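# give the three-dimensional model of this entry:
(chains A, B and C)
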Amino acid sequence: MDKKIARKCALILLKIRQKKPLIHHITNMVTANDNANVTLAIGASPVMALSKYEVEEMTAQADSLVLNLGTLNPDLIESCWLAGKVANQKGIPVILDPVGAGATQYRTSTAKKILSEMKIAIIRGNVGEMSALLDDPRFIKGVDAEVTGLSISDLAQEASKRYETVVAVTGKVDYISDGIHLISVYNGHPWLKILTGAGCMASSLCATFASVEEDHLMSTAAAIGFFGVCAEIAAKKVKGPGLFHQVLFDVIYNMDVETLVSSLQVEMK
Amino acid sequence: MDKKIARKCALILLKIRQKKPLIHHITNMVTANDNANVTLAIGASPVMALSKYEVEEMTAQADSLVLNLGTLNPDLIESCWLAGKVANQKGIPVILDPVGAGATQYRTSTAKKILSEMKIAIIRGNVGEMSALLDDPRFIKGVDAEVTGLSISDLAQEASKRYETVVAVTGKVDYISDGIHLISVYNGHPWLKILTGAGCMASSLCATFASVEEDHLMSTAAAIGFFGVCAEIAAKKVKGPGLFHQVLFDVIYNMDVETLVSSLQVEMK
Amino acid sequence: MDKKIARKCALILLKIRQKKPLIHHITNMVTANDNANVTLAIGASPVMALSKYEVEEMTAQADSLVLNLGTLNPDLIESCWLAGKVANQKGIPVILDPVGAGATQYRTSTAKKILSEMKIAIIRGNVGEMSALLDDPRFIKGVDAEVTGLSISDLAQEASKRYETVVAVTGKVDYISDGIHLISVYNGHPWLKILTGAGCMASSLCATFASVEEDHLMSTAAAIGFFGVCAEIAAKKVKGPGLFHQVLFDVIYNMDVETLVSSLQVEMK
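Alright, predicted model coming up:
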């Protein structure tokens, strides 16, 4: 099973570098630079347009769309709306990154509204964010919440069923589910937690992988696994999160299929 | 005297790493990424919410609040207002970074209005910004102004008295005053002047240190001293401001109490 | 001919470091940090003010003005307007970076409107952007368009004639024209294409060079050549676009006149 995902991951990587898909981002002002650079490093083309006067036209040219709620406001939400509609009509995948859901009502309700009125292909978030989207008393909400009672893998599966979408809950172990299957990714590095934008970059990669592979359970597991492998290798070369940030782009840029396949630690149940 | 501040600085650092305080930033689009990464590197949690629909709720969960006027606009000012009120009610420290005060009327008057209608725990700025806030003909205003007639330490003390707050005037030597005492910090490196966001990062650290230590004269001197020591060590490892930027985060992340205490050059009068 | 430009480039570099010109940017949220850091690295002072309530006052103090349309919106456009008028009245050069022109109508028409109602000293863009501004059926439009039929050097000259301004079309070879002369710059590195903000940084350097040298054909060729030389040297020191990003700032900061002059590969026709 592992080998199937590893092979898939390698094939998607080659496809991205060959096709150079265009990934449209409606994202936040804190990590937009990282969203763009991670997309470029892997071999795709990022584009960042935010205004309601152009997001439809830009989305119409894109191969996938990222909606990242990191610094949301009414204008940005309107643009998410317009872009999402075009993406849905065109049939390109929309990736939602519900940054900070659970931390404020505004974030939680915006993310839920997007999920209820738009077809989202993939949600990527941490435990706290995903718990907030579920609104299930069995899960504790909040940015740094730990799930009690139920496991994080249950959370991924529940969220996937509720929203009929692929869900990636990233953390020490990453769980990806389509409501039926569950993939665990054991790659990664603790420094991803002390680098702002690591989650946002993971979402950009999910969008990039999904733009060239229709099986979004597989593409998402591949994206998360790829990012985790790169983080592990980058971390070995440096002594802290600053250089790690930059070397991570170098490793992504230089990643070869052999290293990727031999380093991936994924498991499907 | 030096040793007291050095010990305090070490204790605050350990407290930050243990408590992992949440630092809410209302900040600018140029250096928001640096604000977040410096806060993470030292062991705290940054959060960046800008919209008036959520800043109150976010501030209510935070341990301190940074108001950074780097790219201000009416929406941002309204959010500063709302967040500041909550912070004052809750009793968490508010740190004002009056970026570019003196360069435009809009910046100067916004900073002054915030100071007149909100309780600010700490103001951190350079000589030009602080002079502008004083509006005192004895001090020359402007971004790159040099104070003539009076010394920079006088400026720190005057500003502190005027606004009844702790003031840090950063530059070649940094001066921190509560209107009565004056602390001089001799640590630092010239490259901090050719790295955008160095001042903003210093303000994030002031907010982080203040979130775990009630004596804000001490916490601010400790934050500024800590940043200066890290800059000195980072500068020795690189050849220019680009890698310095990233290695600075690594040094902050790895700083140990012994190195910190032995490197601090602070003096209280 | 080459030597004349090389000497000019060296002289401008020295002048920048001596005068420390103030470069006002109205720019985008993705690469604003890079705009600021490249301006600081070369020895100038960047300033980033966006609000209509202050851009006029800020521009009045600046030595040149960058209008970068990377993440444009109605507020930003209004600020471009106000700042541009002041810059024209004051006689300081205005540099337009029409990011993404051709990708959406909003971008194309905004760039054209700015060009028709304001005196622009220099336009810097890639082939796709510049083609879109020409609206000439002989040139194919679009972000990644290749020019067919006519050469890129023709494009630079046509755009320069049409808009009566210096034009820099950057790519594998960079072409700079004032409508009469054409300068080709052969310096550069492919990684500039996989680093977001490389074009934006080139525009900041064009503005910085133009702020101290009235011959904008020469100043622009010098800026583009300088950036290309620095990219070549930086690329040799690293293995990917992440560290390249930071080392580029180090190389810019440390560039000496001898290395610059001996490395420039420029040609005037």
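# for the residue in the stretch 51-200 of chain A that chain C sits nearest to, what are its contacts?
Closest residue of the stretch 51-200 of chain A to chain C, CB to the nearest CB: residue A:54 (3.9 Å). Placement of C-beta: from N, CA and C, glycine included. Residues in contact with residue A:54 (CB atoms under 8 Å, 6 or more residues apart in numbering or on different chains) are C:104-107.
# so which pair among the residues you listed is furthest apart in space?
C:105 and C:107 (7.4 Å; CB to CB).
# more crowded one of those two?
Between residue C:105 and residue C:107, residue C:107 has the larger neighbour count (other CB atoms under 10 Å in any protein chain shown), namely 26 against 13.
# tell me if the longest helix along chain A is near chain C.
Identified as the longest helix of chain A according to DSSP state H is helix A:216-237. No: Helix A:216-237 lies out of reach of chain C by CB under 8 Å from any CB of the partner chain, never closer than 8.6 Å.
# again with stretch A:239-253
Yes: counting by CB under 8 Å from any CB, chain C has neighbours in stretch A:239-253: A:243, A:245-253.
# export those residues as a markdown table, with columns for secondary structure, neighbour count and pLDDT.
Output for the residues of stretch A:239-253 next to chain C, formatted as a markdown table (DSSP: H, G, I helix; E, B strand; the rest coil; neighbours: other CB atoms under 10 Å in any protein chain shown; pLDDT from 0 to 100):
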| residue | secondary structure | neighbour count | pLDDT |
| --- | --- | --- | --- |
| A:243 | helix | 23 | 98 |
| A:245 | helix | 28 | 98 |
| A:246 | helix | 24 | 98 |
| A:247 | helix | 24 | 98 |
| A:248 | helix | 31 | 98 |
| A:249 | helix | 26 | 98 |
| A:250 | helix | 22 | 98 |
| A:251 | helix | 23 | 98 |
| A:252 | helix | 28 | 98 |
| A:253 | helix | 21 | 98 |
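# up against chain C, what does the stretch 51-200 of chain A have?
Within the stretch 51-200 of chain A, the positions adjacent to chain C are A:51, A:53-54, A:57-58, A:61, A:75 by CB under 8 Å from any CB.
# near residue A:89, how many other residues are there?
Neighbour tally, residue A:89, other CB under 10 Å: 12.
# for it, give me its contacts.
By CB under 8 Å, 6+ apart, residue A:89 lies in contact with nothing.
# about what we covered before: please see if the longest helix of chain A touches chain B.
No: against chain B, helix A:216-237 shows no contacts by CB under 8 Å from any CB, the least distance being 11.8 Å.
# what's the nearest residue to the residue positioned nearest the centre of chain A if we skip its chain neighbours?
With distances taken as CA atoms, centre = their mean, residue A:203 lies nearest the centre of chain A, 2.2 Å away. Excluding its sequence neighbours, the residue lying closest to residue A:203 (CB to CB, 6 or more residues apart in numbering or on different chains) is residue A:97, at 4.0 Å.
# could you do residue A:269 as well?
residue A:182 (4.8 Å).
# okay, now the one you found: neighbour count?
Counted with other CB under 10 Å, residue A:182 comes out at 20.
# any idea how far it is from residue B:38?
Counting by CB to CB, to the nearest Å, the gap from residue A:182 to residue B:38 is 37 Å.
# and residue A:100, by the same measure?
On the measure of CB to CB, residue A:100 and residue B:38 end up 19 Å apart.
# neighbour count winner among these two?
Shown here are residue A:100 and residue B:38; by other CB under 10 Å, residue B:38 has more neighbours (30 against 27).
# in terms of pLDDT, where does that one sit?
pLDDT, residue B:38: 98.
# residues contacting residue A:204?
Contacts of residue A:204 were listed using CB under 8 Å, 6+ apart, and they are A:23, A:25, A:35, A:38-39, A:46, A:66.
# quick check: residues of the stretch 101-250 of chain A near chain B?
Looking at chain B, the residues of the stretch 101-250 of chain A close enough under CB under 8 Å from any CB are A:103-107, A:143-144, A:194-197, A:238-243, A:245-246.
# filter the residues you listed down to just the buried residues.
A:103-104, A:106-107, A:143, A:194-197, A:238, A:240-243, A:245-246 (16 or more other CB atoms under 10 Å in any protein chain shown).
# could I get the CA-only coordinates of the strand or helix carrying residue A:260 as CSV?
Element membership for residue A:260, per DSSP states H and E: helix A:257-263. Provided in CSV are the C-alpha atoms of helix A:257-263 (Å, rounded to 0.1, in the frame of the first residue of the first chain):
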residue,chain,number,x,y,z
VAL,A,257,12.1,10.7,-7.3
GLU,A,258,14.4,8.1,-5.8
THR,A,259,14.9,10.1,-2.5
LEU,A,260,11.2,10.8,-2.4
VAL,A,261,10.1,7.3,-2.8
SER,A,262,12.6,5.8,-0.4
SER,A,263,11.8,8.5,2.3
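# that helix near chain C at all?
No: judged by CB under 8 Å from any CB, helix A:257-263 stays clear of chain C, getting no closer than 14.0 Å.
# in that helix, what's buried?
In helix A:257-263, counting by 16+ other CB under 10 Å, buried: A:260-261, A:263.
# just stretch A:183-199 next, same as before
Within stretch A:183-199, the residues that count as buried by 16+ other CB under 10 Å are A:183-185, A:187-189, A:191-199.
# among the residues you listed, which are located in helices?
Residues of those located in helices (DSSP H): A:198-199.
# nearest to residue B:128, of the buried residues of stretch A:183-199?
Nearest to residue B:128 among the buried residues of stretch A:183-199, with distances taken as CB to CB, is residue A:196, at 29.0 Å.
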